[in-house]
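A.B. asks: sharing a model that was predicted from the sequence below.
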Amino acid sequence: MSNNSTDEPTRDRLAIHTITTKAWPLEVALERYAAAGIGGVSIWVEAIEGMSATAASRAVQASGLQVPALVRGGFFCDSDSRVREQRIDHNRTLIETAAELSAEMLVLVVGATPGESLDRQRGWVQDGIEALIDDAKAANVRLAIEPLHPMYAADKSCINRLTEAREICESIRQPILGIAVDVYHVWWDPNLQREIQLIGANEALFAFHLCDWRVPTRDLLNDRALMGDGCIDIKGFRHMMDAAGFAGWNEVEIFSDEHWSRDQQTFLDEIIDRYARC
């Protein structure tokens, strides 16, 4: 790694997901992120439970932080068509919330239903997203499909590769629809570089989520590692994204029982250090 300070990423492109420092209420997270010189905060819906969107928006505006995303909508899959319609309506509400927070996008974790074919469920996902396009346009909120690792294919996401997300984007063909690339979920894909290039050529690289894959992983949900503590080539991944034209936020999103139990300020300081080094 070069010692030239110009090679180090600036914090104005760094955003932290509120889930990363889950122990902090929203107001505390906003205060601490801003004090650290971080530029953005991606807000999980759990962080604003019990708050009105207006109150949350005021807190964000007072912090001076920008909001790359509201996380997370989606969950379009269910065997009952009435339930699918209810979930589409819920996503409409989330789009309104994202707009009030001045969030750039709503991240979509698309969902999955055990026992249904993945191809059929991907059709439900496309139908659900198509139903939201006009609402997203009216609110000026982008929609970002986030593929999840195949270990979640049974019950959390029927979209597990960038290829599947890209194909839906290419079918719908709306500039307001793109993809959230999370290193934890797609680092293993043998077509990773090609897919990032294709998605970038379509101007559909909307988000870049950072963490690391711990070896050995002790829990498949809540054991993500700090960048540099796992096996993902974070710097190489960043170069692929940049080469494909990505110029957005670098968003740290870490689910970790271990890190949640620590002093969160110390954890935040380490995140900033690892962001600069990895």
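C.D. replies: Sure, I can see it. The shown structure was predicted, so the numbers you read here are calculated from the model rather than taken from an experiment. Numbers count the residues shown, from 1 in each chain.

A.B. asks: can you pull the buried residues of stretch 144-154?
C.D. replies: Using 16 or more other CB atoms under 10 Å as the test for burial, stretch 144-154 gives A144, I145, E146, P147, L148, H149, Y152, A153. Heads up, the C-betas are built off the backbone N, CA and C, glycines and all.

A.B. asks: pretty sure D212 contacts D233?
C.D. replies: No. If you go by CB atoms under 8 Å, D212 and D233 don't touch, sitting 9.9 Å apart.

A.B. asks: neighbour count: the two, which is higher?
C.D. replies: More crowded of D212 and D233, by other CB atoms under 10 Å: D212, with 22 against 13.

A.B. asks: if I pick the more buried one, what's in contact with it?
C.D. replies: Applying CB atoms under 8 Å, 6 or more residues apart in numbering, we find D212 in contact with V183, Y184, R224, A225, L226, M227, G228, D229, G230, C231, I232, I234.

A.B. asks: hang on, the fifth one packs against L210?
C.D. replies: No. Proximity of L226 to L210 does not meet the contact threshold set by CB under 8 Å, at 9.6 Å.

A.B. asks: mind giving me JSON lines with the buried residues of stretch 144-154 and columns for secondary structure and pLDDT?
C.D. replies: Shown next, in JSON lines, are those (DSSP: H, G, I helix; E, B strand; the rest coil; pLDDT from 0 to 100):
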{"residue": "A144", "secondary structure": "strand", "pLDDT": "99"}
{"residue": "I145", "secondary structure": "strand", "pLDDT": "99"}
{"residue": "E146", "secondary structure": "coil", "pLDDT": "98"}
{"residue": "P147", "secondary structure": "coil", "pLDDT": "98"}
{"residue": "L148", "secondary structure": "coil", "pLDDT": "98"}
{"residue": "H149", "secondary structure": "coil", "pLDDT": "98"}
{"residue": "Y152", "secondary structure": "helix", "pLDDT": "97"}
{"residue": "A153", "secondary structure": "coil", "pLDDT": "97"}
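
A.B. asks: pick the one among these closest to R87.
C.D. replies: Nearest to R87 among the buried residues of stretch 144-154: I145, at 15.0 Å, using CB to CB.

A.B. asks: my read: the closest one touches I168, true?
C.D. replies: Yes. The pair I145 and I168 passes the contact test of CB under 8 Å, sitting 6.4 Å apart.

A.B. asks: need the residues touching each of these two.
C.D. replies: Common contact partners of I145 and I168 (CB under 8 Å, 6+ apart): V125, I129, I159, L177.

A.B. asks: got the phi/psi numbers for the last one?
C.D. replies: Comment: the main-chain dihedrals of L177 come out as phi -110, psi 130, following degrees, to the nearest 10.

A.B. asks: ok, W187 next?
C.D. replies: According to degrees, to the nearest 10, W187 has phi -60, psi -30.

A.B. asks: tell me who's in contact with D78.
C.D. replies: Here D78 is in contact with R84, R87, G111, T113, W124 (CB under 8 Å, 6+ apart).

A.B. asks: okay, now the last one: neighbour count?
C.D. replies: Meaning W124. Neighbours of W124 using other CB under 10 Å come to 22.

A.B. asks: next one: it from I133, what distance?
C.D. replies: From W124 across to I133, the span is 16 Å (CB to CB, to the nearest Å).

A.B. asks: returning to that earlier point: make CSV out of the contacts of D212 and add distance to M240.
C.D. replies: Listed next are the contacts of D212 as CSV, based on distance: CB to CB, whole Å:
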residue, distance to M240
V183, 10
Y184, 15
R224, 20
A225, 20
L226, 21
M227, 15
G228, 18
D229, 21
G230, 17
C231, 16
I232, 12
I234, 11
